[in-house]
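Engineer: Sharing a model that was predicted from the sequence below.
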Amino acid sequence: MKMFRLSQILNSGFGAVFLFEKTDGLFSRYPKLKGWLLVAVIFFAAIAIYMKPYLGRTFYPRCPLFCLTGLHCPGCGSTRSLAALSHGNIADACRKNIFVVAAVPFVTAGLIIYLLRCFGVNVKTPFISGKLIMGLFILVLAFFVLRNISLYPFNLLAPH
């Protein structure tokens, strides 16, 4: 069974947050710059998500998959879910996208570990098995299929 360290996944460019890996020359001269840029991005993203209810429905772009096909992707409702979470409304956040609510603690922990490593703190990271990654992929795929079935109780998975 193949095992992955969380640091290997983060360093391999897993996710849009880690696009900074492409500019290693600049960051090798200023090693903490990557961490400070990530802190700034997180800060401004948090403000934008918190302000979403006050900015109107047209502030964020619509999901391209939903616009083209009418299908809800696994990420549909994520921004509205995060906005509801930022205002303390957990029930509404779960109605928008339950996977986002479940993923917030793990993503937050991963970001904290990554930031600590950017600032030179040696953090021991947990192992993540290949089976766990495959299981999460299958779960997200099942969520994608089930949330697009227009029968009760599956229609409750679609963002409301």
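Structural biologist: It's in.

Engineer: Assumed Cys94 was part of a helix.
Structural biologist: Yes - according to DSSP: H, G, I helix; E, B strand; the rest coil, Cys94 belongs to a helix.

Engineer: got the residue ranges for the strands in the chain?
Structural biologist: 3-5, 127-129 (DSSP state E).

Engineer: Could you list the low-confidence segments of this protein?
Structural biologist: For the chain, applying pLDDT under 70 flags the ranges 1-28, 53-60.

Engineer: Nearest the geometric middle of it, what residue?
Structural biologist: The centroid of the chain falls nearest to Val107 when counting by CA atoms, centre = their mean (6.3 Å).

Engineer: ok, and for the longest helix seen in the chain, which residues are buried?
Structural biologist: Ranked by residue count under DSSP state H, the longest helix found in the chain is helix 33-55. For helix 33-55, the neighbour count (16 or more other CB atoms under 10 Å) marks 34-35, 38, 49, 52 as buried. No exception for glycine: its C-beta is placed from N, CA and C like everyone else's.

Engineer: And stretch 86-96, by the same measure?
Structural biologist: Buried positions in stretch 86-96, judged by neighbour count with 16+ other CB under 10 Å: 86, 93-96.

Engineer: sorry, back to before: between the buried residues of helix 33-55, which is nearest Leu82?
Structural biologist: The closest of the buried residues of helix 33-55 to Leu82 turns out to be Ile49 (CB to CB; 4.8 Å).

Engineer: Skipping its backbone neighbours, what lies nearest that closest one in space?
Structural biologist: Take Ile49 and drop its neighbours on the chain: the residue closest to it by CB to CB, 6 or more residues apart in numbering is Leu82, 4.8 Å away.

Engineer: Tell me how many other residues crowd that neighbour.
Structural biologist: Residues lying near Leu82 (other CB atoms under 10 Å) number 22.

Engineer: With Leu146 as the reference, measure out to it.
Structural biologist: 22 Å (CB to CB, to the nearest Å).

Engineer: before we move on, what about Phe137?
Structural biologist: With CB to CB as the criterion, Phe137 and Leu146 are 15 Å apart.

Engineer: more neighbours, these two?
Structural biologist: Ranked by neighbour count (other CB under 10 Å), Phe137 and Leu146 place Leu146 first, with 14 against 10.
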